[in-house]
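**Student:** Take this sequence and fold it.
(one chain, ligands or ions: 1)
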Amino acid sequence: MHISFTGLRALVTGAGKGIGRETAKALREAGAQVVAVSRTQEDMVSLSKECPGMETVCVDLGDWEATEKALGGIGPVDLLVNNAAVLVLQPFLEVTKEAFDTSFDVNLRSVFQVSQIVARGLIERGAPGSIVNVSSKVALCTLPNFATYSSTKGAMETLTRVMAQELGVHKIRVNTVNPTVVLTNMGKKVCPDPRDAAAMKKRIPLKKFAEVEDVVHSILFLLSDKAAMTTGSGILVDGGYLAS
Ligand code: NAP
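**Tutor:** Coordinates of the predicted model:
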């Protein structure tokens, strides 16, 4: 199956590291003009060196005003990947206001804000678009210490369905991908102990964690016209965990 995004402009949040970085690179390889948005300047510098021509924007997406300033005039965007997120693990009884606020600001509020900017632009141009929200398996089936993170991703599932309903008439599709553990910086925080990692893998029917490229392929498929009739839905990249 050949996917081409030639002539389209894509914006990826959290593109400095991990899944977002590889998604930005894959979109560029598939012909898109890419705007990579992330928080650490060094990551943006190294990405633009690695991918000459890629546009980069350095902003803390947890800061509404700074995001408005950085992205409010970003221009036409056809494809959006809401990928930036933080993971703070705390037992429910110890969840702090700071962890709650930061997690919801970055993982959920920025999805509202960036999607509004992109969708308004698409509607003004009368152009079709596709949005992928990077959710998680733990939006649907969670674990101890994940109260805050899982809540942000659970809310993202609901938001995805509402956006799909409201934006469908404008030919804008909205879907999620729901990965299991991927051993990025964030994934390593979930399983710092190799014994825990082995126990988690045992519970996954395919007996392994996901690779970054497994997630990237699903994101690209959902962004593309090959998924033209799919909206308000998503792809589990969980090795069958939720089937068991
Ligand atoms: P990662 O390696 O930690 O990368 C996250 C990226 O998001 C980094 O570039 C980070 O920049 C950026 N980011 C975080 N907060 C930001 C902010 N306030 N403003 C701008 N950029 C910000 O994580 P990942 O594993 O690639 O995760 C990508 C997505 O997959 C997330 O939505 C995550 O929830 C989801 N996911 C991950 C896993 C997993 O096991 N890895 C599993 C399921 C779902 P800085 O480093 O500069 O902060």
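
**Student:** ok, then the element right after the longest strand seen in the chain?
**Tutor:** For the chain, the longest strand by residue count, based on DSSP state E, is strand 172-179. Sequence order places helix 185-190 as the next helix or strand after strand 172-179, per DSSP states H and E.

**Student:** any idea how far the ligand is from the residue positioned nearest the centre of the chain?
**Tutor:** The chain has N83 as the residue nearest its centroid, 2.2 Å off, counting by C-alpha atoms, centre = their mean. Going from N83 to the ligand by C-beta to the nearest ligand atom, to the nearest Å gives 5 Å. In this view, the C-beta of every residue, glycine as well, is placed from N, C-alpha and C.

**Student:** Quick check: phi and psi at that residue.
**Tutor:** N83 adopts backbone torsions of phi -120, psi -30, taken as degrees, to the nearest 10.

**Student:** Kindly report the same for the one 5 residues further on.
**Tutor:** Reported as degrees, to the nearest 10, the phi and psi values for V88 are phi -120, psi 120.

**Student:** for this protein, what spans make up the strands?
**Tutor:** 9-13, 33-38, 55-58, 79-82, 129-134, 172-179, 234-237.

**Student:** Take the ones you listed and write them to a markdown table, including mean neighbour count and mean pLDDT.
**Tutor:** Shown next, in a markdown table, are those (neighbours: other C-beta atoms under 10 Å; pLDDT from 0 to 100):
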| stretch | mean neighbour count | mean pLDDT |
| --- | --- | --- |
| strand 9-13 | 27 | 99 |
| strand 33-38 | 25 | 98 |
| strand 55-58 | 17 | 98 |
| strand 79-82 | 28 | 99 |
| strand 129-134 | 26 | 99 |
| strand 172-179 | 26 | 98 |
| strand 234-237 | 20 | 97 |
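
**Student:** want to throw these into TSV with distance to V45?
**Tutor:** Listed next are these as TSV, based on distance: least, C-beta to C-beta, whole Å:
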stretch	distance to V45
strand 9-13	16
strand 33-38	11
strand 55-58	8
strand 79-82	21
strand 129-134	23
strand 172-179	27
strand 234-237	30
